[in-house]
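**Q** sequence and predicted structure below; questions after.
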Amino acid sequence: MNPLKKLASQTAIYGIPGIAGRFLNYLLTYLYTRVFSLDQFGVNSEFYAYSGFFIVLLAFGMETGFFRFSKDAENPKSVYTTTLNFIIGTSTIFLLLIYVFGQHIADILKYPDHVEYIYWFGWILALDAICSIPFAKLRAENKAFQFAGIKVVEIGVNIAFNIFFLIICRSAYQNHAGNWLAELYNPAIGVGYVFIANLIASGVKMVLLLPQIKEGFKDFDKELLGKIVRYSLPMVVIGFAGIINEMLDRMILKYTLPYDDITNLQMLGIYGACYKLSILMSLFIQAFRFAAEPFFFAQSTKDNSRKIYADVMHYFTLFCVFIFLLVMLYMDWFQYFIGAPFRVGLGVVPILLMANLFLGIYVNLSIWYKLTDRTMLGAAVSIGGAVLTIILNILLIPSMGYFGSAWATLACYVGMAGVSYILGQKYYPVPYNTAKLFTYIAVGLGLWQLFEWLHASIMPSVPFWAISSAIMLVFFATVWAIDGRKLLKRG
């Protein structure tokens, strides 16, 4: 099977639960932005921003280490059991620390009356970290359908319990039903019901992965663990830096916006809701990551591997530009996924979409340090991006608000992609067609600006969807003019 078609099919399969989940999460955002106030939704955004840091910490870069050492190990099973045992141990220690210091953490985050949020999130993070290694095993074994199936169940359970608590039980409580459903709802818990639903879903996921987890209680290899840890430690730094780039804005907006605490939380809620509208791009990147990491390692021994990597980058960028246009040209529809009070922040969406596009380019470029074992150098690139993100957020947020965060995110990913490209061409040259990549990005931005001009000039005499569809056809025609022959050959 053509390797590009294989990667595309794997990306599609891994993307199924993500697409379904993110679409349903769109619907949940529709629910949240109507059930919760601006500041309550800000609490939700803040907690999930923090969770990104701890997922990276608890996973300890072991997924990438697992792929790297499984490829060369005489006994791949020992790589799995060793990494899984390590993650179970560190996650258990983490949970103990959460229960010892939970109230102190709640005080620091300014939620002294909701220490239960800390406990619930601690369990979510520990369970998700433990499950990351069995999921990596399924990916390495190309069991994409099993991977997707478990993810779909997890998503379904999460959605079901959100609906149960926030619609069914809440409605029973408000209508004074006086039954057991009404007794299950307590307004004081608020956004905590989102966390409870997530925790139940994480627990179900772990139960479904028990057959894989049971395999991990033997063949622990201390010497092998040392090698994996040495390789994976820089991946933790890279992961932390990546989370700073991705999540820092939602973590520090509450503290750096020049308003009172409630208003700052409201601004965070608006930004967090609008960030959801850029989720199609990050969804595709996430699905691509799941499929690409084992794919890149598997292709590395082939003679034409670098040509394959260049082709992957080409089609990846092309599809990302399509997603950018899809969201921006049909924003008049997409905007209804969030409540009316949150739509004042829609201006950040194109900036965040473009930022995610360059993040995806960086993900493609990052193969150079993974394949050449230069993870420390890769970590340096990520640290540089994180430092830039911190500086720009601190400088821009007081004067530009959450728009400053959006521009900081874009600047960071553009910079990281540029530096990674330069280093990659030095240590692991890949023949990327950069001129064509930037042509597609420029075409996407140009067509979006054309739509904005037409939208303002001839609306409402011409419906927006007619303009959007015409411009999308222009995009497809441009792709065909540039790459039609190549696409036919690939087909």
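**A** Arrived safely. The structure displayed is predicted, hence computed values, not measured ones.

**Q** okay but residue 62 is in contact with residue 133, surely?
**A** Yes - using Cβ atoms under 8 Å, residue 62 is in contact with residue 133, at 6.2 Å. Any C-beta I mention is one placed from the backbone N, CA and C, and that applies to glycine too.

**Q** any common contacting residues for these two?
**A** 83, 87 (Cβ atoms under 8 Å, 6 or more residues apart in numbering).

**Q** helix, strand or coil for residue 259?
**A** Of the three states, residue 259 takes coil under DSSP: H, G, I helix; E, B strand; the rest coil.

**Q** now do residue 349
**A** Under three-state DSSP, residue 349 falls in the helix class.

**Q** just residue 302 next, same as before
**A** Per three-state DSSP, the secondary structure class of residue 302 is coil.

**Q** quick check: closest non-adjacent residue to it.
**A** residue 308 (7.3 Å; Cβ to Cβ, 6 or more residues apart in numbering).

**Q** elements contacting the helix or strand hosting the one you found?
**A** According to DSSP states H and E, residue 308 maps onto helix 305-329. Contacts defined by 3 or more Cβ pairs under 8 Å, 6 or more residues apart in numbering; DSSP states H and E place helix 305-329 against helix 3-35, helix 279-299, helix 349-365, helix 434-458, helix 464-490.

**Q** tell me the gap between the third one and the middle of its chain.
**A** So that's helix 349-365. The chain centroid and the centroid of helix 349-365 are separated by 11 Å under Cα atoms, centre = their mean, to the nearest Å.

**Q** immediately after it, which helix or strand?
**A** Heading C-terminal from helix 349-365 (DSSP H and E), you reach helix 367-371.

**Q** and the next helix or strand past that following helix?
**A** helix 375-400.

**Q** compute the inter-axis angle for that following helix and helix 349-365.
**A** Interaxial angle of helix 375-400 relative to helix 349-365 (axes from the mean of the first three to the mean of the last three Cα atoms, to 10 degrees): 170 degrees.

**Q** so what secondary structure elements neighbour helix 375-400?
**A** Looks like helix 375-400 contacts helix 222-256, helix 367-371, helix 402-427 (3+ Cβ pairs under 8 Å, 6+ apart).

**Q** which parts of that helix are buried?
**A** Buried residues in helix 375-400, counted by 16 or more other Cβ atoms under 10 Å: 375, 378-382, 385-386, 388-390, 392-393, 396-397.

**Q** most widely separated two among the residues you listed?
**A** Maximum pairwise distance in those, criterion Cβ to Cβ, is 31.7 Å, between 375 and 397.

**Q** circling back: if we compare the helices and strands packed on helix 305-329, which one ends up closest to residue 426?
**A** Between the helices and strands packed on helix 305-329, helix 349-365 lies closest to residue 426; by Cβ to Cβ that is 12.2 Å.

**Q** measure the residue nearest to residue 280 when sequence neighbours are not counted to residue 84 for me?
**A** Nearest residue to residue 280, sequence neighbours excluded (Cβ to Cβ, 6+ apart): residue 323, at 5.3 Å. Residue 323 is 35 Å from residue 84, where distance means Cβ to Cβ, to the nearest Å.

**Q** higher neighbour count, those two?
**A** Taking neighbours as other Cβ atoms under 10 Å, residue 323 and residue 84 compare with residue 84 leading, 25 against 21.

**Q** you'd agree the more buried one is up against residue 213?
**A** Yes - using Cβ under 8 Å, residue 84 is in contact with residue 213, at 7.0 Å.

**Q** list residues touching both of these two?
**A** Here residue 84 and residue 213 have 130, 134 as joint contacts, going by Cβ under 8 Å, 6+ apart.

**Q** same for whatever helix or strand residue 159 lives in, what does it pack against?
**A** If you go by DSSP H and E, residue 159 is part of helix 144-163. Secondary-structure packing of helix 144-163 (3+ Cβ pairs under 8 Å, 6+ apart): helix 3-35, helix 115-140, helix 192-208.

**Q** centre of the chain to that helix, how far?
**A** That offset, for helix 144-163, works out to 17 Å (Cα atoms, centre = their mean).

**Q** helix 115-140 and that helix, what's the angle between them?
**A** Using the same axes, to 10 degrees: helix 144-163 against helix 115-140 is 160 degrees.

**Q** the inter-axis angle of helix 144-163 versus helix 192-208?
**A** Going by the same axes, to 10 degrees, helix 144-163 makes 150 degrees with helix 192-208.
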